[in-house]
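> give the three-dimensional model of this entry:
(2 chains)
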Protein chains: 2
Amino acid sequence: MLPKTQRRIVLASRPTGEPTENNFRLEEVPLQEPQHGEVLVRLLYLSADPYMRGRMRDGASYAAPIGIGEVFGGGSVGEVVASRHPVFKVGDIVEDRMGWQEYAISASPAMRRIDPAIAPISTANGILGMPGMTAYFGLFDVGQPKAGETVVVSAASGAVGQAVGQLGKMAGCRVVGIAGGAKKCEFVVKELGFDACVDYKAAGDLNAVLRAACPKGIDVYFENVGGPISDAVTLQLNTWARIALCGAISQYNAEKPEMAPRLPGLFVGKRVTMRGFIVSDFAQKYEPARALMGEMVRSGKLKFREDIVDGLEKAPKAFIGLLRGDNFGKLQIKVGDEPVGLPHRR
Amino acid sequence: MLPKTQRRIVLASRPTGEPTENNFRLEEVPLQEPQHGEVLVRLLYLSADPYMRGRMRDGASYAAPIGIGEVFGGGSVGEVVASRHPVFKVGDIVEDRMGWQEYAISASPAMRRIDPAIAPISTANGILGMPGMTAYFGLFDVGQPKAGETVVVSAASGAVGQAVGQLGKMAGCRVVGIAGGAKKCEFVVKELGFDACVDYKAAGDLNAVLRAACPKGIDVYFENVGGPISDAVTLQLNTWARIALCGAISQYNAEKPEMAPRLPGLFVGKRVTMRGFIVSDFAQKYEPARALMGEMVRSGKLKFREDIVDGLEKAPKAFIGLLRGDNFGKLQIKVGDEPVGLPHRR
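Numbering: from 1, shown residues only, chains lettered A, B, ... in the order given. As a prediction, the model looks like this:
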């Protein structure tokens, strides 16, 4: 039996600087029924990703701003519980941009069915979803690593970073992570097989520590954080280095651009290519990449770590923590129990 | 009759900040005779280029540092006056990296013969030399403009900028220059056919003036100057914009990196590609490009402006002025009279 009402989290106000829980509001609203061509989805895992900070702003971001009073969030995974859709049927596990709520109506052409046999279904928000695709195309299409080169990735234990490093190892590269804290560093080296990881919080002289970790310099930098970490990496770049510019989480809460030393001279002398990208630029190439990564996840060759927070009401706090680096692995908000019988149910 | 001695300018000391004339020394030394495989060249036009500031430093630059007491300078054009070389003969006009002196011995495999029928021979230091190749490959190979796009080039009336703008017009682009002073701006618009030029010295609000000059935004930025001009351009970049990073003359005299606002978020959202390059990366493609540009210069389709200073002893002051933007067109130091009978003699 479906409930009469559902809960959801809407954007209550736009933050100045770091968001607070007051920028969000938990609402209870009547459950809708699917109309012709629509499905009703009971949501299970909600994604919380750094890019969503951009959607809290009113101004220009590559992701459209969320209006005040509108449902917050982005990607989510759930179970179809009612369908008037020609393709999706009750019981299907699906992923779509359905936001932070307990139920969603969708007729989106972007909705896709998840095969629960491959991996836990939450991976459709992570290693086999947007973050995994970001890692795959950002590393291979933008970073273009060659065997024997050194790849550095910041936010190394995060949703994207953990995949970047493992894919870099598969490509025959030396992979060095940058992460905050000994636990995250130990994880990416011992569990994921990175060659080294720099704990930027413990490194006194970041330049020196990074140099020691990258004795042959840096050929590819997968940039997730920006700020002084980015400067330190730039100083160690090799000639012909590539920077895949994915994000700059250290800057997302800034109201004004941070001041930093100009380093463009290095970019000329070393012929550095820096390229910003957004994962959706590669949407037409998702399917083969997802099939490949799905097989690697299924076989255990590609590992992943998720940080699952239980309860819709905890989403805002978890998201605020994500922007501080408090999460450890791909942050997900669990809002419903998985249906019984799923192969990787948890 | 050849003289017994010649004059030359050597690096006397390394500058701190802006170079002074005391960093250079004019010397008189005995004239050498060419040995087997060598030529003796009477120099006529010496090139003075911004990149030479990097050669005054002891540390890392893409151009090797000039040692204290060594001849300063780079490219130069002259007449072979004695030869024991299998290819070059007396009377040939040649270009090579022969430095700031009146005579030079060379056996360099990079020496090339100039055809004086195409254009004034000084152009071998300019539009048909290193700066021209820089413009050609930086614009076409790095910037990759498409017809209808907007190309912006800084230092627009300089050796490289003037060629970039004209080539951009030939490629069917809207071309907007950035230059210092009304005369330079008027020149690139009225003489060279740029669509507009922003006088950064007169523009109160550079962002607003640039926006007005580029109503459809900026697709390609050919970067010669760096600094706040670069920031203003960055704010107007379109999605998929390319930055061809050639130089950053505004930073060359800085002892420490200038502090500036970080703008990497723009690079992600707009998928900007920024690529540093050095002209010699394209050396294997010079010949066809030079043939093409030579024909355009010969026919008058590709114009050029040179700023010729007379007398070796004036080279240091002229070079110091170049770094301040005092020159108007490609800076050359004339140190000898052209042989009589050259088609474009002056």
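
> pull the contacting residues for residue A:62.
A:51, A:54, A:278, B:268, B:269, B:270 (Cβ atoms under 8 Å, 6 or more residues apart in numbering or on different chains). Where you see a C-beta, it was placed from the backbone N, CA and C, and this is true even at glycine.

> next structured bit after the host helix or strand of residue A:29?
In this structure, residue A:29 is located in strand A:24-30 according to DSSP states H and E. Past strand A:24-30, heading to the C-terminal end, the next element that is a helix or strand (DSSP H and E) is strand A:39-47.

> could I get the average pLDDT for the following helix or strand past that following strand?
On the C-terminal side of strand A:39-47, the nearest following helix or strand under DSSP H and E is helix A:52-55. If you average the pLDDT over helix A:52-55, you get 94.

> now do residue A:284: how many residues are near it, please.
Other residues near residue A:284 come to 7 when the count uses other Cβ atoms under 10 Å in any protein chain shown.

> how about the residues of chain A that lie near chain B?
Counting by Cβ under 8 Å from any Cβ of the partner chain, the residues of chain A close to chain B are A:54, A:60-62, A:223, A:226-227, A:230, A:245-248, A:251, A:256-278, A:281.

> in chain A, which helix or strand is least confident?
None of the helices or strands of chain A scores lower by mean pLDDT, DSSP states H and E than helix A:264-269, at a mean of 88.

> what is that helix packed up against?
strand B:237-245, strand B:273-276 (3 or more Cβ pairs under 8 Å, 6 or more residues apart in numbering or on different chains; DSSP states H and E).

> in CSV: these, plus mean neighbour count, mean pLDDT and distance to chain A.
Shown next, in CSV, are those (neighbours: other Cβ atoms under 10 Å in any protein chain shown; pLDDT from 0 to 100; distance: least, Cβ to the nearest Cβ, whole Å):
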stretch, mean neighbour count, mean pLDDT, distance to chain A
strand B:237-245, 22, 98, 5
strand B:273-276, 24, 98, 4
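
> contacting residues around the spatially most central residue of chain A?
Centroid check for chain A by Cα atoms, centre = their mean gives residue A:131 as the closest residue, at 4.0 Å. Residues in contact with residue A:131, defined by Cβ under 8 Å, 6+ apart, are A:49, A:125, A:158, A:159, A:160, A:163, A:330.

> filter those residues down to just the ones in strands.
Among the contacts of residue A:131, the members found in strands (DSSP state E) are residue A:330.

> and the strand holding residue A:29, what other elements does it pack with?
Here strand A:24-30 is seen to pack against strand A:5-11 when contacts are counted using 3+ Cβ pairs under 8 Å, 6+ apart.

> if I take the strand it packs on and strand A:24-30, what angle do their directions form?
Interaxial angle, strand A:5-11 versus strand A:24-30 (axes from the mean of the first three to the mean of the last three Cα atoms, to 10 degrees): 150 degrees.

> in strand A:5-11, what's buried?
For strand A:5-11, burial by neighbour count (16 or more other Cβ atoms under 10 Å in any protein chain shown) applies to A:6, A:7, A:8, A:9, A:10, A:11.

> do stretch A:182-202 as well
Going by 16+ other Cβ under 10 Å, stretch A:182-202 has these buried residues: A:184-185, A:187-189, A:192, A:194-200.

> repeat for stretch A:34-49
By 16+ other Cβ under 10 Å, the buried positions in stretch A:34-49 come out as A:34, A:38-49.

> on the three-state scheme, the closest residue in space to residue A:304 that isn't next to it in sequence is what?
Across the structure, with Cβ to Cβ, 6 or more residues apart in numbering or on different chains as the measure, the residue nearest residue A:304 apart from its sequence neighbours is residue A:127 (3.9 Å). Judged by DSSP: H, G, I helix; E, B strand; the rest coil, the three-state class of residue A:127 is coil.

> repeat for the one 10 residues further on
Reduced to three states with three-state DSSP, the structure at residue A:137 is helix.

> flag the shaky bits of the stretch 51-200 of chain A, pLDDT-wise.
Per-residue confidence of the stretch 51-200 of chain A (counting by pLDDT under 70) places the weak regions at A:60-61.

> and if we set it to 50?
Low-confidence segments of the stretch 51-200 of chain A, defined by pLDDT under 50: none present.

> which one of the contacts of residue A:62 is nearest to residue B:150?
In terms of Cβ to Cβ, no member of the contacts of residue A:62 lies closer to residue B:150 than residue B:270, at 13.9 Å.

> secondary structure element for the residue of the stretch 1-150 of chain A found nearest chain B, which one?
Here the stretch 1-150 of chain A gets closest to chain B at one residue, residue A:62, 4.0 Å apart by Cβ to the nearest Cβ. When elements are defined using DSSP H and E, residue A:62 is found to belong to no helix and no strand.

> how is chain A carved up into domains?
Taking automatic domain parsing as the reference, chain A has its domains at A:5-126+A:304-334, A:130-280.

> contacting residues for residue A:24?
Residue A:24 touches A:9, A:10, A:11, A:12, A:72, A:315, A:316, counting by Cβ under 8 Å, 6+ apart.

> and the residues of chain A next to chain B, which are buried?
Among the residues of chain A next to chain B, those classed as buried by 16+ other Cβ under 10 Å are A:54, A:61-62, A:223, A:226-227, A:230, A:245-248, A:251, A:260, A:262-278, A:281.

> from residue A:166, how far off is residue A:36?
Distance, residue A:36 to residue A:166, using Cβ to Cβ, to the nearest Å: 44 Å.

> now swap in residue A:130 and tell me
From residue A:130 over to residue A:166 (counting by Cβ to Cβ), the distance is 17 Å.

> give me the more crowded residue out of the two.
Between residue A:130 and residue A:166, counted using other Cβ under 10 Å, residue A:166 has the larger neighbour count: 25 against 22.

> surely that one is in contact with residue A:189?
No - counting by Cβ atoms under 8 Å, residue A:166 does not reach residue A:189; the two are 11.9 Å apart.

> quick check: longest helix of chain A.
Using DSSP state H, we find that the single longest helix of chain A is helix A:286-298.

> what residues does residue A:216 make contact with?
A:150, A:174, A:238.

> make it 10 Å
Residue A:216 makes contact with A:148, A:149, A:150, A:174, A:236, A:238 under the criterion Cβ atoms under 10 Å, 6 or more residues apart in numbering or on different chains.

> returning to what we had before: and the gap between the residue of the stretch 1-150 of chain A closest to chain B and residue A:214?
Distance from residue A:62 to residue A:214, counting by Cβ to Cβ: 30 Å.

> cool, residue A:48 as well?
Applying Cβ to Cβ to residue A:48 and residue A:214 gives a distance of 31 Å.

> do the same with residue A:277
If you go by Cβ to Cβ, the gap between residue A:277 and residue A:214 works out to 23 Å.

> hmm, residue A:81 is touching residue A:32, no?
No - no contact is recorded between residue A:81 and residue A:32 when judged using Cβ atoms under 10 Å, the distance being 12.0 Å.

> for the two, indicate the residue with more neighbours.
Set side by side, residue A:81 and residue A:32 show more neighbours around residue A:81, with 16 against 13, by other Cβ under 10 Å.

> quick one, phi/psi of that one?
Main-chain dihedrals, residue A:81, degrees, to the nearest 10: phi -110, psi -10.

> now do the contacts for it.
With Cβ under 10 Å, 6+ apart, residue A:81 has these contacts: A:2, A:34, A:39, A:40, A:41, A:42, A:90, A:91, A:92, A:103, A:339.

> same check, this time on residue A:20
Contact analysis of residue A:20 by Cβ under 10 Å, 6+ apart lists A:13, A:316, A:317, A:320.

> likewise residue A:195?
With contact set as Cβ under 10 Å, 6+ apart, residue A:195 has these partners: A:150-151, A:165, A:168-169, A:173-177, A:188-189, A:213-214.

> of these, which is the nearest to chain B?
Distances from these to chain B were compared by Cβ to the nearest Cβ; the smallest belongs to residue A:214, at 16.8 Å.

> verify the stated contact: the closest one with residue A:177.
No - the criterion here is Cβ under 10 Å, and residue A:214 misses it with residue A:177 at 11.3 Å.
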